[in-house]
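Participant: coords below, sequence missing:
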């Protein structure tokens, strides 16, 4: 094939290579399956806690249980990401949220990232390297813990 004079684009050998992530093992890009599993575990855990609080009478007769579940998810994911590298579900799925720079994911960044996930749409708009708008905006990426 003849060259058009423009630079040829480098094809990635593996997902995350352009970000400087390893191909496999600790620090490699997390799979969609692990990320989806983590989200399901998080949501199920928050739903169970919500039901428990309602049954114990702590919340009384709350008509908007979904909002309580979302609030619990926001708190759990924010604190987990800021202080443990990931939410309960992410820890169970053996994945974590890291910054692409050496700095840690601080509380404010974790809160804003989680708020964007709660809005749903930013998490569904996926860019390169399996990063949604919530990750692209916050400079984070989800990688394997081991």
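Facilitator: Received, thanks. Remember, predicted model here, so these are calculated numbers, not experimental data.
Participant: show me where this structure has its helices.
Facilitator: All helices of the chain, identified by DSSP state H, fall at 32-55, 65-84, 88-92, 107-118, 121-124, 133-138.
Participant: closest one to residue 100 among those?
Facilitator: Relative to residue 100, the nearest member of these by Cβ to Cβ is helix 133-138, separated by 9.5 Å. C-beta here means a position set from N, CA and C on the backbone, and glycine is covered the same way.
Participant: contact partners of that closest one?
Facilitator: With Cβ atoms under 8 Å, 6 or more residues apart in numbering as the contact definition, helix 133-138 has outside contacts at 97, 99, 105, 109, 112-113, 116-117, 121-123, 125, 127, 140-142.
Participant: the same query, at a cut-off of 10 Å, please.
Facilitator: 81, 97, 99-100, 105, 108-110, 112-119, 121-129, 131, 140-142 (Cβ atoms under 10 Å, 6 or more residues apart in numbering).
Participant: list the buried ones in that helix?
Facilitator: Under the neighbour-count criterion of 16 or more other Cβ atoms under 10 Å, helix 133-138 has 133, 134, 135, 136, 138 buried.
Participant: helices or strands up against the lowest-mean-pLDDT helix or strand in the chain?
Facilitator: Scoring the helices and strands of the chain by mean pLDDT, DSSP states H and E places helix 121-124 at the bottom, with a mean of 85. Judged by 3 or more Cβ pairs under 10 Å, 6 or more residues apart in numbering; DSSP states H and E, the packing partners of helix 121-124 are helix 107-118, helix 133-138.
Participant: let's go with 6 Å and repeat that
Facilitator: Contacts defined by 3 or more Cβ pairs under 6 Å, 6 or more residues apart in numbering; DSSP states H and E place helix 121-124 against helix 133-138.
Participant: distance from the helix it packs on to the middle of the chain?
Facilitator: Distance, stretch centre to chain centre, for helix 133-138: 10 Å (Cα atoms, centre = their mean, to the nearest Å).
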